[in-house]
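Student: Here's a sequence, model it:
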Amino acid sequence: MLVRGAGSSVGIAFAQLLKVRFPHIVLHGSTRNPAKATHLQAVGFDEVITEADGKLQTDQNYDKILELVGPATLCDSFTHINEHGIVCNTGQLGNI
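Tutor: The predicted structure follows:
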């Protein structure tokens, strides 16, 4: 699972709640600021993916993506979802 906008308060709360309920789930989070990686791992993210210009800097695909940034990154999220995967667009952090 991937959370886009992982450094937001909603992203952090989601990670903490998810890991309490499903401690073995693999959770990735994205951020534009690589300096947040240590903090994000401390709150439950297993891997931190950097974003640049609204694009994930990875070739990985996911079964589920929680999209907290919104229209600014939504199209890119669809390029990283597995067939029959789920993208949940709940955020508007991208100022669009």
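Student: Where does the prediction get shaky in the protein?
Tutor: 94-96 (pLDDT under 70).
Student: Can you show me the helices along it?
Tutor: Taking DSSP state H as the criterion, the chain carries its helices at 9-21, 37-42, 74-78.
Student: max-length strand in this structure?
Tutor: Longest among the strand segments of the chain by residue count, using DSSP state E, is strand 81-89.
Student: wait, isn't N89 in contact with E67?
Tutor: Yes - under the contact definition of C-beta atoms under 8 Å, N89 touches E67, with a separation of 4.4 Å. The C-beta positions use only the backbone N, C-alpha and C, and glycine is treated the same way.
Student: Can you pull the residues that touch both of these two?
Tutor: In terms of C-beta atoms under 8 Å, 6 or more residues apart in numbering, N89 and E67 are both contacted by the residues L74, S77.
Student: coming back round to it: for the longest strand of the chain, buried residues please.
Tutor: Within strand 81-89, the residues scored as buried using 16 or more other C-beta atoms under 10 Å are I81, G85, V87, N89.
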